[in-house]
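>>> mind folding the following:
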Amino acid sequence: RVEELPVKVRILPGVAELAQGKVSVSDLKVLDITDLLGREITKPDESLLRKNLASKNIMVTGSGGSIGSELCRQALRRKPDLIVLFEISEFALYKIEQELKNNFPTVKVVPILGNVMDERRLREVCMTFKIDTIYHAAAYKHVSMVEKNTIPSIENNIIGTLNCAEVALESGVETFVLISTDKAVRPSNVMGATKRFSELILQALADRQDKSRSKIKTKITIVRFGNVLGSSGSAVPLFRQQIKEGGPLTVTDPNVIRYFMSIPEAAELVLQAGAIGKGGDVFVLDMGNPVKILDLAKRMIRLSGLEIKDNNSPDGDIEIIFTGLKEGEKLYEELSVENNVTPTDYDGILLTEENYLSWENITVLLDQFRGAIKLRDHELLHKLLIKAALGFESKSGINDLVYLSKREKNE
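Predicted coordinates for the structure are as follows:
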């Protein structure tokens, strides 16, 4: 109701706290980005949150990133025995380690500098600390950056995921959860294609486990969701910085839309989805209605007490300019390849049945990927991504692989 007025919007914790002297006017905060969503936050199920965490030894890869660090915070609130922070960036690892040790002094926090490409390092960590649960959040995720760095991105996102999963199986890890993305659905970019193939690898490993006679199995779960508000490199921090600098705000296209969710909500739902997975499941988080990026930009300008500068208001404060879609970027994202999404018994978590490849097909493709990486053959790698990632949109390449469905698997 106040959005159209030329006033800055600030948040105060509560009038009662202000009256009691617990909060001063100086505690006024800028509008929380979750308030820009216009959607109700899903209330978590505490018993699910504790299932894979309480009194467990857990590891989070990419623990210094936006999602990885929030998974660590949420996990430590459920009192695991220890948490291993597996992170390639020394500074990011230092920051999250200091934060967690200060806020959760009773839980053992183990900082590990490591690369998911280092299978030996992963194995040492899992064996030494007897890891029960792994949340695999490590990935190169920025679409435009991945497009410019194909080989390291394929190595990190695909081979790195394979390494983590295989070590988890070898080490007897109880639960392995992959953090995936809506960009894996009919991907139009390398990042999305690498994440889709990572999903296929895990689906195939879960299928291979089902067919084996081993009594000890790792429960593999995939959780897919869209953009999170406030993550590094995302729209909201960029818009906030651009507003601070006086503009302009840069939007790729007036019609581009995205699903959004707050980082804490996404992390809570990931932890819950990992707890209800039975093996090989692909869960999709209910992100509500998609948000038009242009509307988000306008709202942030107005709620900062400024006026949008356009043809109708040439004397306004902040202009919005359109830069054009980046290479591999789509106007909208989807959450399911097969459009076969069903609700679960838990709010905010949906289940999608996606076709998958046999482990035999996966191993052939992996050998081809490794060969192309060794040759530094970018063109071949692109063709392999088209072949491997179901629905990867491209002008060239023919997909001759036979995909299986859960129905065929049961038969």
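
>>> so residue 183 makes contact with residue 198?
No - using C-beta atoms under 8 Å, residue 183 is not in contact with residue 198, being 11.8 Å away. Where you see a C-beta, it was placed from the backbone N, CA and C, and this is true even at glycine.

>>> mind listing the helices for the stretch 251-400 of the chain?
For the stretch 251-400 of the chain, applying DSSP state H, counting those that start in this stretch gives helices covering 263-276, 293-303, 359-375, 378-388.

>>> give me whichever of the ones you listed is most buried.
The highest mean neighbour count among the helices of the stretch 251-400 of the chain, using mean count of other C-beta atoms under 10 Å, belongs to helix 263-276: a mean of 24.

>>> low-confidence ranges in this structure?
13-41, 229-234, 328, 333-339, 390-411 (pLDDT under 70).

>>> for it, what's the longest helix?
helix 190-211 (DSSP state H).

>>> what packs against it?
Contacts defined by 3 or more C-beta pairs under 8 Å, 6 or more residues apart in numbering; DSSP states H and E place helix 190-211 against helix 143-148, helix 150-154, helix 160-170, strand 175-181, strand 219-225, helix 359-375, helix 378-388.

>>> may I see the buried residues of that helix?
190-207, 209 (16 or more other C-beta atoms under 10 Å).

>>> next, the angle helix 378-388 makes with it.
Relative orientation of helix 190-211 versus helix 378-388 (axes from the mean of the first three to the mean of the last three C-alpha atoms, to 10 degrees): 50 degrees.

>>> could I get the CA-only coordinates of helix 190-211 as PDB?
C-alpha atoms of helix 190-211 as PDB (Å, rounded to 0.1, in the frame of the first residue of the first chain):
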ATOM      1  CA  VAL A 190      26.300 -25.200 -20.400                       C
ATOM      2  CA  MET A 191      25.700 -24.700 -16.700                       C
ATOM      3  CA  GLY A 192      22.200 -26.200 -16.900                       C
ATOM      4  CA  ALA A 193      23.400 -29.100 -19.000                       C
ATOM      5  CA  THR A 194      26.100 -30.000 -16.600                       C
ATOM      6  CA  LYS A 195      23.600 -30.000 -13.700                       C
ATOM      7  CA  ARG A 196      21.200 -32.100 -15.700                       C
ATOM      8  CA  PHE A 197      23.900 -34.600 -16.500                       C
ATOM      9  CA  SER A 198      24.900 -34.600 -12.800                       C
ATOM     10  CA  GLU A 199      21.300 -35.500 -12.000                       C
ATOM     11  CA  LEU A 200      21.400 -38.300 -14.500                       C
ATOM     12  CA  ILE A 201      24.600 -39.700 -13.000                       C
ATOM     13  CA  LEU A 202      22.900 -39.800  -9.600                       C
ATOM     14  CA  GLN A 203      19.700 -41.400 -10.900                       C
ATOM     15  CA  ALA A 204      21.800 -44.100 -12.600                       C
ATOM     16  CA  LEU A 205      23.900 -44.700  -9.400                       C
ATOM     17  CA  ALA A 206      20.600 -45.100  -7.400                       C
ATOM     18  CA  ASP A 207      19.300 -47.500 -10.000                       C
ATOM     19  CA  ARG A 208      22.500 -49.500  -9.900                       C
ATOM     20  CA  GLN A 209      22.200 -49.700  -6.200                       C
ATOM     21  CA  ASP A 210      18.600 -51.000  -6.500                       C
ATOM     22  CA  LYS A 211      19.700 -53.800  -8.700                       C
END
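
>>> now that helix, how far from the centre of its chain.
On the basis of C-alpha atoms, centre = their mean, to the nearest Å, helix 190-211 sits 16 Å off its chain's mean C-alpha point.

>>> for stretch 235-249, same thing?
On C-alpha atoms, centre = their mean, the centre of stretch 235-249 falls 23 Å from the chain's centre.

>>> and for stretch 64-75?
Distance of stretch 64-75 from the chain centroid (C-alpha atoms, centre = their mean) equals 11 Å.

>>> output it in PDB with nothing but the alpha carbons.
What follows is stretch 64-75, C-alpha atoms only, in PDB (Å, rounded to 0.1, in the frame of the first residue of the first chain):
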ATOM      1  CA  GLY A  64      31.300 -21.100   1.800                       C
ATOM      2  CA  GLY A  65      28.700 -20.400  -0.900                       C
ATOM      3  CA  SER A  66      25.300 -18.800  -0.500                       C
ATOM      4  CA  ILE A  67      23.400 -22.100  -0.200                       C
ATOM      5  CA  GLY A  68      26.200 -24.100   1.300                       C
ATOM      6  CA  SER A  69      26.700 -21.700   4.200                       C
ATOM      7  CA  GLU A  70      23.000 -21.500   4.900                       C
ATOM      8  CA  LEU A  71      22.800 -25.300   4.900                       C
ATOM      9  CA  CYS A  72      25.600 -25.300   7.500                       C
ATOM     10  CA  ARG A  73      23.700 -22.800   9.700                       C
ATOM     11  CA  GLN A  74      20.500 -24.700   9.500                       C
ATOM     12  CA  ALA A  75      22.200 -28.000  10.100                       C
END
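
>>> find the nearest non-adjacent residue to residue 104, please.
Closest residue to residue 104 apart from its sequence neighbours, by C-beta to C-beta, 6 or more residues apart in numbering: residue 76 at 4.3 Å.

>>> swap in residue 240?
residue 300 (7.0 Å).

>>> hmm, back to that, what's the spacing between the residue nearest to residue 104 and residue 47?
Distance from residue 76 to residue 47, counting by C-beta to C-beta, to the nearest Å: 18 Å.

>>> same question, residue 316
Per C-beta to C-beta, residue 316 is found 51 Å from residue 47.

>>> if we can go back for a sec, the residue nearest to residue 240 and residue 242 touch, don't they?
No - using C-beta under 8 Å, residue 300 is not in contact with residue 242, being 9.2 Å away.

>>> between the two, which contacts overlap?
residue 249 (C-beta atoms under 8 Å, 6 or more residues apart in numbering).

>>> need the strands for the stretch 1-150 of the chain, in chain order.
Assigned by DSSP state E, counting those that start in this stretch, the strands in the stretch 1-150 of the chain fall at 10-11, 29-30, 57-61, 82-87, 108-113, 133-136.
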